[in-house]
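**Student:** generate coordinates for the sequence data below:
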Amino acid sequence: MSDRNSDIGGLPVEELVVKADEAMRDRRKTRAGDSSWVRTWDHFRREWQIYVMLLPTIIWFIVFLYKPMYGLQIAFKDYSIFRGVADSPWVGWEHFKTLFSNDQFLRAVRNTITISFYNLIFGFPAPIILALMFNEIIHATYKRTAQTIVYLPHFISSVIIAGIVITAFSPTAGIINTIIEWLGFDAVYFLPQPEWFRPIFVGTGIWQEAGFGSIVFLAAIAGVNPSLYESAVVDGANRWQMMWKITIPSILPTILIMLIIRIGNIMEVSFELVILLYQPSTYETADVVNTWVYRQGLQSGQYDLAAAAGLFNAVVAFVLVMTANTLSRRFSRTSLW
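**Tutor:** Residues are numbered from 1 along each chain as shown. Sure thing, here's the model as predicted:
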């Protein structure tokens, strides 16, 4: 009797139960998959206009960003414009070995990291501080006027910005040297001296971009719950305490997201402004990876070596942004994805 209860159709009861459970799970997965496709299709039919609007952006990315990636293979080839990409012989990692044995390229990498580090230390907090200051301004007309003034440099061409900087620091007619001479000192030739390039470049970047960059943080501040400030006022907090205890903690996720993006751009220094301000006498501190690639690729015709440098730049940037995003997600639960 026990044998008949334990065996059904020659199989143990326990095995039959396991197989039945597996069959039920497979059916549930199939149904879930089918329902997921149905929901996706229904959503697409309802919101198809949004996807049509998104289509030009997708096409732009494919044509101008993803399709040119085909040319990255010249970083691993002895490329010639006469042979083309496909027919140029493969040389493997030869160009990367050349890069890392090139003192000028290593100098450009050091300069890029150094300038980006200064931009991160001094330039990243600037729009946050500016946004906090704007948030404390009560007079609406004065606030709008101040915002317009600090936003304006962002919309000025880099060529004009460079012209303003060159004129301002001119040893003969520049306002900076005029003030120095008024104080009884000799005029300083700022731009031809390597030690002055980085402070001038970083300061110019902050002046040009801090105002426009504050828009993101002002939007984040506008989203803070007003009842938090009302409760703080009832508890007797002043504006300084509310800024430190309510405003900054509330916009911290936005600050972290912008910091991750900034870290991902460490290897990208404003090419236009550098190439307009630097000169051979300042290569020691001013030459960055992008300007080195410009000279090697466009001026010297070494497209394969320039492509290898650009690929190195992109890989480093990708690793940095992935690392920053992972650390942010682990310690603050805020990340890009």
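**Student:** quick one: residue 196 from residue 285, how far?
**Tutor:** 9 Å (C-beta to C-beta, to the nearest Å). Where C-beta positions appear, they are placed from N, C-alpha and C, glycine not excepted.
**Student:** for the most centrally placed residue in the chain, give me its contacts.
**Tutor:** Nearest residue to the geometric centre of the chain (C-alpha atoms, centre = their mean): residue 261, 3.4 Å. Residues near residue 261 by C-beta atoms under 8 Å, 6 or more residues apart in numbering: 321, 336.
**Student:** residue 196 and residue 285: which is more packed in?
**Tutor:** Using other C-beta atoms under 10 Å, the more surrounded residue of residue 196 and residue 285 is residue 285, with 19 against 16.
**Student:** now do the helices in the stretch 101-250 of the chain.
**Tutor:** For the stretch 101-250 of the chain, helices defined by DSSP state H, counting those that start in this stretch occupy the ranges 103-118, 125-136, 140-151, 158-168, 175-182, 194-222, 226-234, 239-242, 248-264.
**Student:** what residue ranges in this structure score low on pLDDT?
**Tutor:** Scanning the chain for pLDDT under 70 picks out 1-35.
**Student:** could you break it into its assigned domains?
**Tutor:** Dividing the chain into domains by automatic domain parsing, as the record does, gives the ranges 2-72, 93-332.
**Student:** want to try TSV for those domains, with distance to residue 78 as columns?
**Tutor:** Below are the domains of the chain laid out as TSV (distance: least, C-beta to C-beta, whole Å):
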stretch	distance to residue 78
domain 2-72	15
domain 93-332	7
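**Student:** hey, which of these is tucked in deepest?
**Tutor:** Mean neighbour count, computed with mean count of other C-beta atoms under 10 Å, is highest for domain 93-332 among the domains of the chain, reaching a mean of 16.
**Student:** pipe the helices of the stretch 101-250 of the chain into JSON lines and attach distance to residue 73 per row.
**Tutor:** Shown next, in JSON lines, are the helices of the stretch 101-250 of the chain (distance: least, C-beta to C-beta, whole Å):
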{"stretch": "helix 103-118", "distance to residue 73": "20"}
{"stretch": "helix 125-136", "distance to residue 73": "39"}
{"stretch": "helix 140-151", "distance to residue 73": "42"}
{"stretch": "helix 158-168", "distance to residue 73": "32"}
{"stretch": "helix 175-182", "distance to residue 73": "48"}
{"stretch": "helix 194-222", "distance to residue 73": "34"}
{"stretch": "helix 226-234", "distance to residue 73": "55"}
{"stretch": "helix 239-242", "distance to residue 73": "56"}
{"stretch": "helix 248-264", "distance to residue 73": "24"}
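**Student:** tell me which of these sits nearest to residue 291.
**Tutor:** helix 103-118 (7.2 Å; C-beta to C-beta).
**Student:** now for that closest one, which elements pack on it?
**Tutor:** On a contact count with 3 or more C-beta pairs under 8 Å, 6 or more residues apart in numbering; DSSP states H and E, helix 103-118 meets helix 194-222, helix 283-286, helix 289-294.
**Student:** can you lay out the ones you listed as CSV showing distance to residue 326?
**Tutor:** Shown next, in CSV, are the helices and strands packed on helix 103-118 (distance: least, C-beta to C-beta, whole Å):
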stretch, distance to residue 326
helix 194-222, 23
helix 283-286, 33
helix 289-294, 25
